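# Below are the sequence and a predicted model; questions follow.
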Amino acid sequence: MSGHSHAKTVMATKMANDAKKGKIYSKYGRLITIAVKEGGGSGDPLTNAKLKTAIEQAKNVNMPKENIERAIKKGTGELAGETLEGVSYEGFGPGGIALIIDGITDNSNRTLGEIKSILNQNGGKMAGEGAVRWMFDRKGVITISDEGKTKEDLEMLAIELGADDIKSEGNNLNVYTKPEDFEPVKKALEEKQIKINSASLDYVPKEEVIISEKEKEQAQRLFEALDENDAVNDIYSNIKN
């Protein structure tokens with residue numbers, strides 16, 4: 001999971017029943033709505049790159065088309081919706097791992113209290129602004145499949161198209177880019193008919209830390225507890241898996 005949001009990994013394994021699906025769809029709906037608002041009210045993914053990425057992420061968890069369209073309309077003002085804002089918190093978890101917790105909420109004071117409580121109950125604590133963020137780089141992360149091509153060929157192709165770094169993960173390759181190169185590299189890979197499993201702007205740790213198995217279990221419980229919170233969308237850490 002290095003370089004990826006732990007919340008996305010948790011969510012991908014929680015699609016078993018309708019209640020969990022509804023909660024996940026709600027999270028992605030908020031992500032789409034705020035992407036529209038931050039894009040100046042543009043509900044067109046062709047001109048709003050952040051919205052395009054949010055829609056792709058929603059489709060990856062099989063969010064129905066009508067849910068996506070409703071979330072876009074809430075962003076454009078065609079439908080009434082909550083007053084949403086993006087929030088980001090920094091903290092430490094079991095074993096001293098660094099955490100960045102990103103979310104979307106309709107009540108930032110309530111969400112701050114909830115995040116503090118979850119951290120305190122699971123071997124973590126809040127940190128001041130800037131205490132953790134310097135340990136991470138903001139990067140585009142594009143996960144591609146090695147179907148039909150060797151990893152060596154894919155690595156060479158990704159570098160030619162402007163990738164900063166490539167890391168192998170099972171049958172996939174994680175392609176890392178500068179934030180400004182994220183969309184151009186992604187588009188170029190798509191034009192080369194490369195299968196993209198996921199693509200997002202993430203916080204990637206500059207260095208990963210090794211913790212004990214017991215602390216890893218505690219960290220996983222913390223990630224799951226944070227993910228249960230309706231406001232939390234992404235959880236990044238510098239834990240080495």
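Okay, I see it.
# just the CA coordinates of the helix or strand hosting V87, formatted as CSV?
If you go by DSSP states H and E, V87 is part of strand 85-92. Taking Å, rounded to 0.1, in the frame of the first residue of the first chain, the C-alpha atoms of strand 85-92 are listed here in CSV:
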residue,chain,number,x,y,z
GLU,A,85,-15.5,21.6,2.7
GLY,A,86,-12.3,19.7,2.3
VAL,A,87,-10.4,19.0,5.5
SER,A,88,-6.9,17.6,6.2
TYR,A,89,-5.4,16.4,9.4
GLU,A,90,-1.9,15.3,10.5
GLY,A,91,-1.1,12.8,13.2
PHE,A,92,0.9,9.9,14.4
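# Can you name every helix or strand that it contacts?
Using 3 or more Cβ pairs under 8 Å, 6 or more residues apart in numbering; DSSP states H and E as the contact definition, the elements that strand 85-92 packs against are helix 18-38, strand 98-105, helix 108-121, strand 125-127. Bear in mind the C-beta positions are built from the backbone N, C-alpha and C, glycine included.
# Quick check: mean pLDDT of it?
Per-residue pLDDT over strand 85-92 has a mean of 95.
# Can you give me the buried ones in it?
Residues of strand 85-92 classed as buried under the neighbour-count rule (16 or more other Cβ atoms under 10 Å) are G86, V87, Y89, E90, G91, F92.
# R110: which of the residues you listed is nearest?
Out of the buried residues of strand 85-92, the one with the shortest distance to R110 is V87. That distance is 10.7 Å, counting by Cβ to Cβ.
# what is that closest one paired to in the beta sheet?
According to DSSP bridges, G103 are recorded as the beta-bridge partners of V87.
# Looks like it contacts I104 (just checking).
Yes. Applying Cβ atoms under 8 Å, one finds V87 in contact with I104, separated by 7.1 Å.
# Next, show the common contact partners of these two.
Overlap between the neighbourhoods of V87 and I104 consists of A231, taking contacts as Cβ atoms under 8 Å, 6 or more residues apart in numbering.
# now the strands for the protein?
85-92, 98-105, 125-127, 136-145, 165-169, 172-177, 196-205, 232-237 (DSSP state E).
# mean confidence score for the second one?
Computed over strand 98-105, the mean pLDDT rounds to 94.
# Ok, the shortest one next?
pLDDT averaged over strand 125-127 equals 97, rounded to a whole number.
# Just the buried positions in that strand, please.
M126, A127.
# Would you list the strands that it pairs with, along with their directions?
Strand 125-127 has the following strand partners under DSSP bridges: strand 85-92 (antiparallel).
# which residues are contacting the partner strand?
Under the contact criterion Cβ under 8 Å, 6+ apart, strand 85-92 has outside partners 34, 38, 98-106, 108, 111-112, 115, 119, 124-133, 231.
# for stretch 232-241, same thing?
Counting by Cβ under 8 Å, 6+ apart, the neighbours of stretch 232-241 from elsewhere in the structure are 1-2, 5-8, 27, 30-31, 93, 95, 97-104, 115, 135-136, 202-211, 216, 219, 223, 226-227.
# same deal with stretch 118-135?
For stretch 118-135, using Cβ under 8 Å, 6+ apart, the contacting residues are 89-94, 98-100, 115-116, 203, 205-207, 215, 218, 221-222, 225-226, 229, 238.
# That concludes my questions; thank you for your assistance.
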